[in-house]
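K.L.:
Okay, here's the prediction I keep looking at, along with the sequence it came from:
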Amino acid sequence: MQKHYKYIKNNQDGAILVIVMMALTVLSLLGLALATASFANIKLTTVDRDYQATYYVAEGGANQTYAEIETLVESIYETTNTEASFYSDLNSRIEQQLDGTSISDFEESFTEQPSAKVKVEQVTDGNPRSYQIVSEGIIGKRTRTVTKPFQVNWKSGSGGSIEIPDNLAALVQNEVITNDRITGNIAINLSKKDAVSIQGEGSINGIVYAPELIGSNVLNYPGKYNNDTYSGKIPEVKPIGNMNQVYLNAKEIIDNFPAYPTYEIMPDEQIKKWGANHDVIKSGILTINQATNEYVMNLDKNIALKKLHITGANTLEIKTNGENREIVLDELSIQQGEIKITGGGNLTIYVEETIDFHEGTQAKLNLGGTIDQLTIYLKGFNKKVDLSGDSIIGSFFAQGADIYTTSTGGIQGHLLTGGNKVVVNGTYKNNTLLLAPNATVDIVNSGTFNGTVIADRLFLVGSGSLTYKEVNLDDFPFGSSSSPSTDDLIEKQPTVELN
């Protein structure tokens with residue numbers, strides 16, 4: 001027995017196999033653990049790669065959309081000339097071309113095609129106006145979303161431009177006849193003999209610019225063709241040069257009459273006075289009378305009305321609350337009443353059909369205000385606006401109306417019309433730009449105009465006068481001598497991820 005135990009103890013055959021098997025088991029476990037860790041690391045790296053790539057896709061979609069919006073802003077700014085038409089066109093183009101689009105022109109990411117779904121949202125109203133681009137980057141089943149805020153700031157000067165040469169009292173396409181005083185230079189585009197005619201005691205105290213083909217023959221003055229004597233100074237004639245471009249720019253502004261915006265009709269409203277309720281707004285008609293006198297319209301948004309009607313010597317106060325606001329009307333009717341603009345912002349009134357200031361009743365709009373506070377548009381052709389005794393501090397743009405100013409009435413601001421007739425009558429005075437490239441402008445009966453006239457024909461008859469005064473285009477809302485850069489119109493903010 002002892003001998004058998006000793007045999008077993010000394011017999012070690014097969015021990016190495018056991019040791020090897022144990023070592024292989026340990027190594028296999030270590031290898032498996034290492035492989036598991038490596039696989040997990042590779043998977044984590046792949047997930048992180050896709051996660052980062054998805055962000056860059058989302059960011060790329062936002063950046064590409066912003067670049068397209070920059071191009072849109074610049075293009076639309078060049079073809080619109082009001083804040084309302086600019087934003088209306090911009091919003092429409094964004095909705096049609098960019099909002100809700102999917103961008104997929106990215107390189108493949110490990111056999112998967114990335115894409116970005118883009119939305120463009122308006123955040124605030126007014127001017128400047130805030131927007132944001134929301135871009136969702138997608139790779140396979142992974143998504144990340146970023147937002148890129150930006151702000152658009154419309155500035156006057158769009159929709160064509162106008163620059164007035166120094167000392168230019170009048171730029172006329174076809175004909176000038178004066179028996180009164182013109183102080184400043186005049187320019188005429190028509191190459192026609194005697195196109196500028198000085199009659200009676202008339203005078204032109206300045207230079208006459210005309211096409212070189214006609215030269216000094218453009219002038220007709222007393223005594224040129226007979227033995228009459230002319231006591232005045234015969235003006236010098238010089239080549240017109242590129243002043244014709246000023247006239248073409250004026251035509252462009254007139255032709256770019258803005259598209260009107262669309263707003264909600266203002267809801268009905270009553271006020272209590274003298275123990276009874278009185279309608280201020282009823283079915284879209286705002287009425288200011290003795291009972292509703294001195295009503296304050298708080299404009300916290302842009303609105304529409306069928307009619308704004310002021311009777312008697314009553315007052316409507318429109319409070320803009322520091323914003324630039326707009327009202328779209330079918331009819332503006334003021335009988336001797338007054339509109340005051342308060343609150344620090346500017347007001348634009350768009351009239352679809354009729355402006356009626358009741359001849360001789362002395363309506364007042366923005367009296368005591370500044371020119372840039374009020375801009376009025378009148379749509380349509382073959383219309384007449386009579387400003388007999390009325391006073392408007394602001395600018396007026398009629399698409400195709402004839403304008404008559406008599407007595408002390410008129411527009412103390414810029415006057416534009418595509419109509420055929422403008423009459424400056426009586427003691428009306430101005431210091432502005434009268435832009436009527438299709439019209440005959442008559443300055444009659446001691447009518448006085450200070451500024452610059454751009455017209456088809458110009459007649460001065462009956463002790464009237466035209467005197468050049470430098471026109472300040474800073475408050476000219478229809479175009480300017482210089483347009484702001486794209487950087488001034490749109491400003492981006494940093495891209496941030498949405499949780």
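P.N.:
On my side now, so go ahead.

K.L.:
Now do the helices for the stretch 51-200 of the chain: every range, in order, please.
P.N.:
83-97 (DSSP state H, counting those that start in this stretch).

K.L.:
so where's it shaky on pLDDT?
P.N.:
Flagging of the stretch 51-200 of the chain using pLDDT under 70 yields the residue ranges 81, 110, 156-161.

K.L.:
which residues does residue 351 contact?
P.N.:
When contacts are counted by CB atoms under 8 Å, 6 or more residues apart in numbering, residue 351 touches 329-332, 376-379. C-betas here are computed from N, CA, C, even on glycine.

K.L.:
Columns pLDDT and distance to residue 447 on top of these, output as a markdown table?
P.N.:
Shown next, in a markdown table, are the contacts of residue 351 (pLDDT from 0 to 100; distance: CB to CB, whole Å):
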| residue | pLDDT | distance to residue 447 |
| --- | --- | --- |
| 329 | 95 | 30 |
| 330 | 96 | 32 |
| 331 | 96 | 29 |
| 332 | 95 | 25 |
| 376 | 94 | 22 |
| 377 | 95 | 25 |
| 378 | 96 | 22 |
| 379 | 95 | 27 |
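
K.L.:
Apply the buried test to those and list what passes.
P.N.:
329, 331-332, 376-379 (16 or more other CB atoms under 10 Å).

K.L.:
out of those residues, which one sits closest to residue 218?
P.N.:
Ranked by distance to residue 218 (CB to CB), the buried ones among the contacts of residue 351 are led by residue 378 at 35.1 Å.

K.L.:
Quick check: bridge partners of the nearest residue to the closest one once chain neighbours are set aside?
P.N.:
Leaving out its chain neighbours, the residue that sits closest to residue 378 by CB to CB, 6 or more residues apart in numbering is residue 398, at 4.4 Å. When assigned by DSSP bridges, residue 398 has beta-bridge partners residue 378, residue 417.

K.L.:
and what of the one 5 residues further on?
P.N.:
Legend: beta-bridge partners of residue 403 under DSSP bridges are residue 385, residue 422.

K.L.:
How many residues are close by it?
P.N.:
26 (other CB atoms under 10 Å).

K.L.:
And residue 384, by the same measure?
P.N.:
By the criterion of other CB under 10 Å, residue 384 has 12 neighbours.

K.L.:
contacting residues around it?
P.N.:
So residue 384 contacts 401-402, 404 (CB under 8 Å, 6+ apart).

K.L.:
And the nearest residue to residue 207 once chain neighbours are set aside, how far from residue 415?
P.N.:
Distances taken as CB to CB, 6+ apart place residue 185 nearest to residue 207, at 4.6 Å, with adjacent residues excluded. The spacing between residue 185 and residue 415, counted by CB to CB, to the nearest Å, is 21 Å.

K.L.:
swap in residue 106?
P.N.:
Noted for residue 106: a distance of 54 Å to residue 415, by CB to CB.

K.L.:
Show me which of those two is the more surrounded one.
P.N.:
residue 415 (26 against 18).

K.L.:
For the more buried one, which non-adjacent residue is spatially closest?
P.N.:
Closest to residue 415 by CB to CB, 6+ apart is residue 434, at 5.0 Å.

K.L.:
how far away is the most centrally placed residue in the chain from residue 154?
P.N.:
In the chain, the residue lying closest to the centroid (CA atoms, centre = their mean) is residue 83, at 3.0 Å. Per CB to CB, residue 83 is found 5 Å from residue 154.

K.L.:
where do the contact lists of the two overlap?
P.N.:
Common neighbours of residue 83 and residue 154 (CB under 8 Å, 6+ apart) are residue 127.

K.L.:
Next one: residue 329 from residue 356, what distance?
P.N.:
Taking CB to CB, one finds residue 329 at 11 Å from residue 356.

K.L.:
hmm, I was thinking of residue 203
P.N.:
From residue 203 over to residue 356 the distance is 39 Å, taken as CB to CB.

K.L.:
count of neighbours near the residue nearest to residue 378?
P.N.:
27.

K.L.:
is it true that it touches residue 383?
P.N.:
Yes. Residue 398 lies in contact with residue 383 (CB atoms under 8 Å); the separation is 7.1 Å.

K.L.:
Quick one: the strands in the stretch 251-400 of the chain, in order.
P.N.:
Assigned by DSSP state E, counting those that start in this stretch, the stretch 251-400 of the chain shows strands spanning 269-273, 276-282, 285-288, 295-298, 303-310, 315-319, 325-334, 338-342, 347-356, 364-365, 374-386, 391-392, 395-405.

K.L.:
mind checking which of these is nearest residue 165?
P.N.:
Of all the strands of the stretch 251-400 of the chain, strand 395-405 comes closest under CB to CB, at 21.2 Å.

K.L.:
elements contacting that closest one?
P.N.:
With contacts defined as 3 or more CB pairs under 8 Å, 6 or more residues apart in numbering; DSSP states H and E, the packing partners of strand 395-405 are strand 374-386, strand 410-411, strand 415-417, strand 421-425.

K.L.:
Next, format those strands as JSON lines and append distance to residue 286.
P.N.:
Shown next, in JSON lines, are these (distance: least, CB to CB, whole Å):
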{"stretch": "strand 374-386", "distance to residue 286": "16"}
{"stretch": "strand 410-411", "distance to residue 286": "23"}
{"stretch": "strand 415-417", "distance to residue 286": "26"}
{"stretch": "strand 421-425", "distance to residue 286": "30"}
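
K.L.:
Please point out the stretch among these with the lowest average pLDDT.
P.N.:
Among the helices and strands packed on strand 395-405, strand 410-411 carries the lowest mean pLDDT, a mean of 74.

K.L.:
by contact count, what packs against that one?
P.N.:
Applying 3+ CB pairs under 8 Å, 6+ apart, we find strand 410-411 packed against strand 391-392, strand 395-405.

K.L.:
Mind putting those strands into CSV with mean pLDDT?
P.N.:
Formatted as CSV, the helices and strands packed on strand 410-411 follow (pLDDT from 0 to 100):
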stretch, mean pLDDT
strand 391-392, 84
strand 395-405, 92
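
K.L.:
out of those strands, which comes closest to residue 211?
P.N.:
For residue 211, the closest of the helices and strands packed on strand 410-411 is strand 395-405, at 28.6 Å, according to CB to CB.

K.L.:
Now do the closest one against strand 374-386, angle only.
P.N.:
Interaxial angle of strand 395-405 relative to strand 374-386 (axes from the mean of the first three to the mean of the last three CA atoms, to 10 degrees): 20 degrees.

K.L.:
Could you list the residues in contact with strand 395-405?
P.N.:
Around strand 395-405, the neighbours that count as contacts under CB under 8 Å, 6+ apart are 257, 371, 374-388, 411, 413-426, 428, 436, 439, 447, 475-478.

K.L.:
Now do the contacts for residue 376.
P.N.:
332, 348-349, 351, 355, 365, 392, 394-397.

K.L.:
One more pass at 6 Å, please.
P.N.:
For residue 376, the contact set (CB atoms under 6 Å, 6 or more residues apart in numbering) comprises 349, 396.

K.L.:
how near is it to residue 323?
P.N.:
18 Å.

K.L.:
just to revisit the earlier point, can you tell me which of the helices and strands packed on strand 395-405 is nearest to residue 229?
P.N.:
Among those, strand 421-425 comes nearest to residue 229, with 30.1 Å by CB to CB.

K.L.:
List of residues touching the closest one?
P.N.:
402-406, 436, 439-445, 447, 449.
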